[in-house]
Every structure is written in C-alpha cells, then in structure tokens.
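Colleague: Let's see this in three dimensions:
(chains A and B)
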Amino acid sequence: MLPEWLAKNESSAPGSDRMIGTHSFIDKTLSGVESFFRTLENSERFAARQGLLQKVDPRVKLVTIGFIIVSVTLTHQLSVLGMLYAMTLVLSLLSRLPFGGLLLQTWLFVPLFTVLMVFPVIFGGVTPGPALVTFGPTRAFTITSAGLLLACLIVLRVATAISWTLLLLWTTRWSSLFGALQVIRVPQALVMTLGMTIRYLLLFVCLVEETHLALKSRILRGLPRHQGQSVLAGILVTMFRKSLLWSEEIYGAMVSRGYAGRVVLLERRGLSGWDGTWVCLWMIGMVQLWRGIH
Amino acid sequence: MHIPDGYLGPQTYGSLWAVMIPVWSWASRQLRRTLAARQVPFLAIGAAFSFVVMMFNIPAPGGTTGHAVGATLVAIVLGPWAAMITTSIALIVQALLFGDGGITAIGANCFNMAVLMPLSGYAIYRLCSWRAFRNGKRRIWAAGLAGYLSLNLAALSTAIELGVQPGLAHRLDGTPLYCPYSLKVTVPVMLTEHLLLFGWIEGVLTAVVVAYLLRTDPAVFLGSDRS
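Modeller: Sure, this is the predicted structure:
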C-alpha cells in the first residue's frame, strides 16, 4: 500500500505552486550534459573518418578556415555568401560528414535565433525602401526589398560562418585543434591549459551527471525553488573543493613526471603534399572571393 | 549573451581582440607572480569549473530555469585575475569545440563575460562587504548584488557592441550591414531580460554558493580576499 505522502496528488500538495515541476532544472542540466557528450563524441567520430578535410594538417586547416570565416564577416554580397555556403556543403560531402546533420546544426539551432531576431527588419517600418508586398487589415504592413535583402544577408552570413566553423570542428580532433593554435603564436602554456581543461572538463561533467541523476532518483516530487537552489549550491561547492584538491594533486603528479614550469608539446608533424594542394586551392578561392567582395 | 559570428563588424570584433590580447597577457603575468609553476593545472581545473558552472540550470521565480555565467562567483572564490583567465578559457573552449559564440567574436565575448563581469563583480563584492565579519550576512548580500549587477553590466556592454553596428558599418543609403538594430532597441531589449530574469539567476547562484561556503569553509575566501 502506498504511503499517504506518495498517494497524495502533487498538484494539491501544500506549497506545490512553489515547486519546480517534473524536476525541470535537473532534467535540463542532464539534457545539457547529454548534448555535451554527444557533441564531443560526434566530433571525434567524424574527425576519424577518411575524408578530404580530415587529411589536411590541423594547423593549415585552422589558418585557412579562420581566414575564410573572417572573410565571411567582411562579405556583403549575397552571391558571394551563397557561393561560400555552397562550398561548405560540397566539402562536407567530400569529408564524409553527415550532410543532414550539418544542415540541421546550421539551420535549426543557432540561426533560428538569428531568423527571429532579423524578422522585424523585413518590414518597411524598420527598413524603409520600395515595397514588395503590402498586407494587413488596413494594408499597414509592408515588406520592403531593402529589408528582405538585409535579413537574407545577415542570416546567410551567420549560417555560412557557422557552417565553416562546424567543418573545422568536425574534421579536427580537439587535441590537434588546440595544438594547432601554436601556429598563430598562442603561448604553449595556454595550449597545454586548454588541453588539460578538456580532460578535466570530462571528469567534471561526469560528476555533474552522476550528482543530478542521484538527485533525480531521490526526488519523487518537485523541489521547492529555495531547496533546489541550495542543493545546487551544495553540488557546486563540492565541485569547487574537488577542483582545488585536484589542482594540487595534478600539480604534484606533473612535478613527479619532471614538470618544471616549461611546456613541451609532443605532437610534431610535417606538412604533406595534400596540405600544399589544399593551400593552393584555398589561395585560388580566396583570390576569387576578394575579387567578388570588391 | 554569446555573440555569434556575423553580428559584429570587423571594427568592433577587431578592436575587442586588440583589447583582450594585452588584458590576457597582463592577467597571466599577475597570476604567474603568485602561482608560478602551479599556474597550468590551477587554471585548467579552474576553467573546467567555470565551464561547468555555466552548464547548471538554476531554478528561478515563476517555475522557470536559466543558466548563469558564474564569472563573479569564480572571481570571489579564486580572485579576479584567475577568473578573467579561467572564464576566458571556458569561453574559448565553448567557441572552438561547441560552436557556442563565434570565433571572430571570442574577443568581444571574453571582454563582456570574462573581463567586465568578474572585475566589476569583484569590485562590487569587495566594496559592499568592506569590513564585514568573515561569516557576516552582508557578504552574502554583497555576493548576490555583485552577481546581479555584474551580469547586467555585461549585458549592457553586449547591447552597446550590437547597437553601435548600424552607425559603424552601413551602405551609402544607410542600410546596416551587421546587427541591424540601434542602441535604442538593443539596450532596452538586452537589459529588460537581464534585469528581470537572468540577473536574478546570476545573483541567486552567487549568493547561495557564497552562503554555503561561508557556512562550511570560510577559509576558502582567504586567497581571494588578499588578491
């Protein structure tokens, strides 16, 4: 037989209006954790495939794609942006990346916000110009050609930049990507710190997942807001203490392995003929691109 | 508050990269003086902690939830220089690994969330908790206020960066080329949501964690109080 407190309808429980229903904050954090692991796993899986961009040296890829992203932000012609975007689709196929996944990631998530943000821009009240369509009860709303062009320009620019960024992230292992930062004169200590951050981030995120799952399994009803906040404070403080402890232990482990404050990265790789071919193609593309921009 | 690529023109993101490079170098020098060889593991773990703070969903009034940035909290417990570097690393990892925030906008995002926020938050906390007892309630209120105000300051800075775009980059006929809204739109929109919701989430997170630490381990504050 169910105990009285469990049999009681949650909505009629005293103070239930202040409860956080269906563990919302726990579920949302767990969903964030799942998305974190999925992103890392996908990126490692795609980077291991035998595709065109995967064969390019991470340093070359970082510099060339970095330049392309900067060029995307400087481009104000829809045709040039359209061409740059089409190139990401072709490259994703040649790099054996999931075509649908790239489209979904580019057009569904981040630009959804951009589309919503630029939506008012298409109307004559925000962007004056020749009217394309007039509608509404008193024909009060006008979509202008200048507004539509501006909205398309902003959305396509953001989508193209995201698409190129995803190509870089999905075809490069994170350890190689951070190592490649040295080519743009990022100090070795920072490169090493970034690498270590990812390793211990995985440990921290596992800890977040475990504590939230444990919390969820122990809570049958929602938690009052204040209690939820204080539980989270407890988890964060525990993690903070662990982080101080780990920092000391890791430093001790590094010293015992010969670390004296100087960082030496092991990954050294020469450039191949394939990298040369990619750079030549990139240079031809950039010349055409800059001709298009100016 | 993470600005993606394409919203800011090159004048803005270029200037903020130019501001951030000496700021990182200076903060790093400040830390090297105190941490020496311990710097790398301390910063790596601190950055992982900063990243994780941003992952937490915090229950807010009205049954809703939201993310906090946590930069002020990190500044209060680890010190402002450490917070600047660790939050920057967390934001760089977010941009380079998860595409959260644009690559060209890393300078702007770090300026808003890793410089303005921890520095202003730490200054407000120290000012409001000046001569407060180590376990005094004033420290908790000071932490909450610092979290709330510093996030709103970061939101204001983001709104200004976005709102100046139509004036900085436009066609001859005045059509903007980047973020199309002026300061008259961006400032009220950004500040309304941060003053009414996200600021409270940041303030509550900072206050409850500081309260918990003061109750269980006040010695943690010794390091940041000295810096």
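Colleague: Can you report phi and psi for A:Phe46?
Modeller: The phi/psi pair for A:Phe46 (degrees, to the nearest 10) reads phi -70, psi -40.
Colleague: burial of it, as a residue count?
Modeller: 25 (other C-beta atoms under 10 Å in any protein chain shown). In short, each C-beta sits where N, CA and C put it, glycine included.
Colleague: From what I see, it and A:Leu168 are in contact.
Modeller: No: at 11.3 Å, A:Phe46 does not count as touching A:Leu168 under the criterion of C-beta atoms under 8 Å.
Colleague: Would you confirm that B:Gly66 belongs to a helix?
Modeller: No: assessed with DSSP: H, G, I helix; E, B strand; the rest coil, B:Gly66 is strand; it does not lie in a helix.
Colleague: what about the strands in the stretch 1-150 of chain A?
Modeller: A:19-20, A:131-135, A:141-144 (DSSP state E, counting those that start in this stretch).
Colleague: what's the distance between B:Pro180 and A:Ser176?
Modeller: Separation of B:Pro180 from A:Ser176 (C-beta to C-beta, to the nearest Å): 38 Å.
Colleague: neighbour count winner among these two?
Modeller: The neighbour comparison of B:Pro180 against A:Ser176 (other C-beta under 10 Å) goes to B:Pro180, with 25 against 16.
Colleague: what secondary structure does that one sit in?
Modeller: Using three-state DSSP, the structure places B:Pro180 in coil.
Colleague: Leaving out sequence neighbours, find the closest residue to it.
Modeller: Once flanking residues are discounted, B:Pro180 sits nearest to A:Val121: 4.8 Å by C-beta to C-beta, 6 or more residues apart in numbering or on different chains.
Colleague: So the one you found sits against A:Thr144, correct?
Modeller: No: applying C-beta under 8 Å, one finds A:Val121 not in contact with A:Thr144, separated by 9.4 Å.
Colleague: can you give me the offset of the helix or strand hosting B:Ala27 from its chain's centre?
Modeller: Secondary structure assignment for B:Ala27, by DSSP states H and E: helix B:10-35. Helix B:10-35 sits 15 Å away from the centroid of its parent chain (C-alpha atoms, centre = their mean, to the nearest Å).
Colleague: Give the other helices and strands that the helix or strand following it contacts.
Modeller: Per DSSP H and E, the first helix or strand lying C-terminal to helix B:10-35 is helix B:39-55. In terms of contacts (3 or more C-beta pairs under 8 Å, 6 or more residues apart in numbering or on different chains; DSSP states H and E), helix B:39-55 is packed against helix A:24-47, helix A:188-218, helix A:225-256, helix B:10-35, helix B:71-78, helix B:80-98.
Colleague: residues of the first one that come out buried?
Modeller: Buried positions in helix A:24-47, judged by neighbour count with 16 or more other C-beta atoms under 10 Å in any protein chain shown: A:24-26, A:28-30, A:32-33, A:36, A:39-40, A:42-43, A:46-47.
Colleague: filter those residues by proximity to chain B?
Modeller: The subset of the buried residues of helix A:24-47 within reach of chain B, by C-beta under 8 Å from any C-beta of the partner chain, is A:24-26, A:28-29, A:32-33, A:36, A:39-40, A:43.
Colleague: okay, who's weakest in those by pLDDT?
Modeller: Lowest pLDDT within these is found at A:Ser24 (76).
Colleague: okay but it is in contact with B:Thr65, surely?
Modeller: Yes: contact criterion C-beta under 8 Å: A:Ser24 and B:Thr65 qualify, at 5.7 Å.
Colleague: Report the set of residues contacting both of those two.
Modeller: B:57, B:59 (C-beta atoms under 8 Å, 6 or more residues apart in numbering or on different chains).
Colleague: List the contacts of the residue nearest to the spatial centre of chain B.
Modeller: Most central in chain B under C-alpha atoms, centre = their mean is B:Met113, positioned 2.7 Å from the mean C-alpha point. Residues near B:Met113 by C-beta under 8 Å, 6+ apart: B:1, B:69, B:71, B:87, B:91, B:154.
Colleague: distance of the nearest residue to A:Arg173 once chain neighbours are set aside from B:Leu97?
Modeller: Using C-beta to C-beta, 6+ apart and skipping the chain neighbours, the partner closest in space to A:Arg173 is A:Ala47 (4.7 Å). Using C-beta to C-beta, A:Ala47 is found at 12 Å from B:Leu97.
Colleague: Mind listing the shared neighbours of the two?
Modeller: Here A:Ala47 and B:Leu97 have no joint contacts, going by C-beta under 8 Å, 6+ apart.
Colleague: coming back round to it: closest one to A:Asp275 among the helices and strands packed on helix B:39-55?
Modeller: Nearest to A:Asp275 among these is helix A:24-47 (16.3 Å), distances taken as C-beta to C-beta.
Colleague: relative to helix A:188-218, how tilted is that closest one?
Modeller: Per axes from the mean of the first three to the mean of the last three C-alpha atoms, to 10 degrees, the angle that helix A:24-47 makes with helix A:188-218 is 130 degrees.
Colleague: Who are the packing partners of helix A:24-47?
Modeller: By 3+ C-beta pairs under 8 Å, 6+ apart, helix A:24-47 packs against helix A:145-170, helix A:174-180, helix A:188-218, helix B:39-55, strand B:57-59, strand B:65-67, helix B:80-98.
Colleague: okay if I get those as JSON lines plus mean pLDDT and distance to A:Gly82?
Modeller: Listed next are the helices and strands packed on helix A:24-47 as JSON lines, based on pLDDT from 0 to 100; distance: least, C-beta to C-beta, whole Å:
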{"stretch": "helix A:145-170", "mean pLDDT": "90", "distance to A:Gly82": "7"}
{"stretch": "helix A:174-180", "mean pLDDT": "82", "distance to A:Gly82": "28"}
{"stretch": "helix A:188-218", "mean pLDDT": "85", "distance to A:Gly82": "34"}
{"stretch": "helix B:39-55", "mean pLDDT": "84", "distance to A:Gly82": "35"}
{"stretch": "strand B:57-59", "mean pLDDT": "78", "distance to A:Gly82": "38"}
{"stretch": "strand B:65-67", "mean pLDDT": "75", "distance to A:Gly82": "34"}
{"stretch": "helix B:80-98", "mean pLDDT": "88", "distance to A:Gly82": "25"}
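Colleague: any low-confidence regions in chain B?
Modeller: The model of chain B has pLDDT under 70 over residues B:34-38, B:61-64, B:134-135, B:220-227.
Colleague: Identify the residues contacting A:Trp174.
Modeller: A:Trp174 makes contact with A:40, A:43-44, A:198, B:96-97, according to C-beta under 8 Å, 6+ apart.
Colleague: mind running it again at 6 Å?
Modeller: A:198, B:97 (C-beta atoms under 6 Å, 6 or more residues apart in numbering or on different chains).
Colleague: In three-state terms, how would the residue nearest to the centre of chain B be classified?
Modeller: Applying three-state DSSP: B:Met113 is helix.
Colleague: So which bits of chain B are right by chain A?
Modeller: Neighbours of chain A within chain B, by C-beta under 6 Å from any C-beta of the partner chain: B:4-6, B:37-38, B:40-45, B:47-49, B:51-52, B:55-57, B:59, B:65, B:89, B:93, B:97-99, B:103-104, B:175, B:177, B:180, B:204, B:208-209, B:212-213.
Colleague: Separate out the buried members of the residues you listed.
Modeller: B:4-6, B:38, B:40-45, B:47-49, B:51-52, B:55-57, B:59, B:65, B:89, B:93, B:97-99, B:103-104, B:175, B:177, B:180, B:204, B:208-209, B:212-213.
Colleague: which ones are touching B:Phe58?
Modeller: Small correction: residue B:58 is Ile, not Phe. Going by C-beta under 6 Å, 6+ apart, B:Ile58 touches B:68, B:201, B:205.
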